[in-house]
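J.: Starting from these lines, generate the structure:
(one chain, ligands or ions: 1)
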Amino acid sequence: MPGQTKRVLILGHGAMGRAFEGLLGPRHEITVWDRDLATGVETQPLELAAQDRDVVLFALPTNPHDELAGRLAPCLDADTVCLSIAKGLDEHGRTPAQIFEQHLGTRLRWALLYGPMLARELQAGQAGFALAASRQPGVDVVLRALFDGTALHLDYGDDVQGAAWAAILKNVYVPLIGAVDALALGDNMRGFLIAEATRELAAILQHMGGRPETAYTCAGLGDLTTSATSASSHHRRIGAELSAGRTEQLAATGVNIRSEGVHTLAMVRAHHLFEPDRFALFGLVCRFLEQPARLEADLRSYVDRRFAH
Ligand SMILES: NC(=O)c1ccc[n+]([C@@H]2O[C@H](COP(=O)([O-])OP(=O)(O)OC[C@H]3O[C@@H](n4cnc5c(N)ncnc54)[C@H](O)[C@@H]3O)[C@@H](O)[C@H]2O)c1
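T.: Next up, the predicted model:
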């Protein structure tokens with residue numbers, strides 16, 4: 001019921017774990033679980049922390065989802081809702097939607113939350129916006145009880161695969177915008193590329209089993225625009241660094257959220273999820289990572305081809 005206190009377990013106590021703790025803390029009962037990444041020591045046994053929880057929020061990268069969802073599945077109540085905000089593919093090339101599908105399926109309830117909700121702004125009490133995607137009836141009721149009256153405003157939908165891919169691909173296109181801005185290629189070019197990325201996002205979503213219209217929701221265009229224009233965006237910055245020839249950032253692929261987009265490109269190729277050049281802008285970003293110095297020339301060819309009527 002709206003207004004009801006929920007017992008929430010937050011997995012991960014990084015930027016987003018803390019942001020959600022602050023957002024939900026005044027109204028709900030919060031427990032936080034995390035792991036020391038150097039020693040592997042957990043704050044408490046996960047299975048114990050998950051007992052009697054209404055909601056488990058995965059506020060950590062996609063890679064640990066498989067292990068954690070696998071451990072949680074046997075010990076969660078049927079009513080518990082697992083919620084992920086992670087925007088990356090795991091080492092097997094799976095989205096958080098696919099990982100939840102595999103471990104939680106239809107026996108347990110789950111949803112994905114994607115949109116303009118920068119941790120820094122949520123922590124400062126500013127508004128955030130997201131698409132909550134779930135295929136299971138009743139999940140929206142739990143999420144309304146959880147978030148209504150907070151600064152995070154939700155739309156509801158059921159395109160879980162489309163929402164996951166929209167958020168994941170956003171992190172691929174934003175480094176390109178960061179590079180374009182660092183090279184001072186112009187505000188017009190930025191606007192054009194955001195429009196192109198959104199159009200392509202719709203096509204890739206459809207190709208990957210989602211619905212193209214999800215590209216125009218908070219999870220797609222909303223999040224893409226926020227990251228592409230935010231001075232604090234990690235993903236913008238990595239594009240700027242690559243355009244300046246600082247390619248050592250690529251070595252950190254998959255290690256932290258800065259490189260989620262770079263990691264996605266590697267996983268798309270490694271697992272043959274789709275042919276990168278089937279989508280012209282996506283193919284351009286792949287080449288940018290390999291040869292950052294070619295970006296301006298590649299962009300000129302892209303524009304020429306795009307307007308060669
Ligand atoms: N930062 C943002 O503004 C923002 C906004 C929306 C979504 N997200 C997404 O949320 C996710 C988390 O982002 P963040 O900014 O909180 O990252 P962060 O690096 O600040 O925190 C990550 C947390 O995950 C934990 N973690 C990492 N690997 C782990 C593992 N193998 N086992 C257990 N715990 C592990 C870390 O201990 C840490 O507490 C990312 O997928 C990101 O794309 C971030």
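
J.: So what's the residue count around residue 188?
T.: 8 (other C-beta atoms under 10 Å). (C-beta placed from N, C-alpha, C; glycine too.)

J.: which SSE is it in?
T.: If you go by DSSP states H and E, residue 188 is part of helix 187-207.

J.: do residue 304 as well
T.: Assessed by DSSP H and E, residue 304 sits inside helix 295-306.

J.: CA-only coordinates of that helix in PDB, if you can.
T.: In PDB, the C-alpha atoms belonging to helix 295-306 read as follows (Å, rounded to 0.1, in the frame of the first residue of the first chain):
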ATOM      1  CA  LEU A 295      37.600  10.700 -34.800                       C
ATOM      2  CA  GLU A 296      37.300  14.000 -36.700                       C
ATOM      3  CA  ALA A 297      37.800  12.300 -40.000                       C
ATOM      4  CA  ASP A 298      35.300   9.600 -39.200                       C
ATOM      5  CA  LEU A 299      32.700  12.100 -38.100                       C
ATOM      6  CA  ARG A 300      33.100  14.000 -41.400                       C
ATOM      7  CA  SER A 301      32.500  10.700 -43.300                       C
ATOM      8  CA  TYR A 302      29.600   9.900 -41.100                       C
ATOM      9  CA  VAL A 303      27.900  13.300 -41.800                       C
ATOM     10  CA  ASP A 304      28.700  13.000 -45.500                       C
ATOM     11  CA  ARG A 305      27.100   9.600 -45.800                       C
ATOM     12  CA  ARG A 306      24.200  10.500 -43.600                       C
END
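
J.: Pull out the buried positions in that helix.
T.: In terms of neighbour count (16 or more other C-beta atoms under 10 Å), helix 295-306 has its buried residues at 295, 299, 302.

J.: Just give me the closest of the residues you listed to residue 213.
T.: For the buried residues of helix 295-306, the closest approach to residue 213 (C-beta to C-beta) belongs to residue 302, at 24.8 Å.

J.: Report the spatially closest residue to that closest one, excluding sequence-adjacent ones.
T.: The shortest distance from residue 302 to any non-neighbouring residue, by C-beta to C-beta, 6 or more residues apart in numbering, is to residue 284 (5.7 Å).

J.: pLDDT on the strand or helix carrying residue 100, on average?
T.: Under the criterion of DSSP H and E, residue 100 resides in helix 96-103. With pLDDT averaged residue by residue, helix 96-103 scores 97.

J.: quick one: that helix near the ligand?
T.: No: Helix 96-103 stays clear of the ligand (C-beta under 6 Å from any ligand atom), getting no nearer than 8.4 Å.

J.: Many thanks, I have nothing further to ask.
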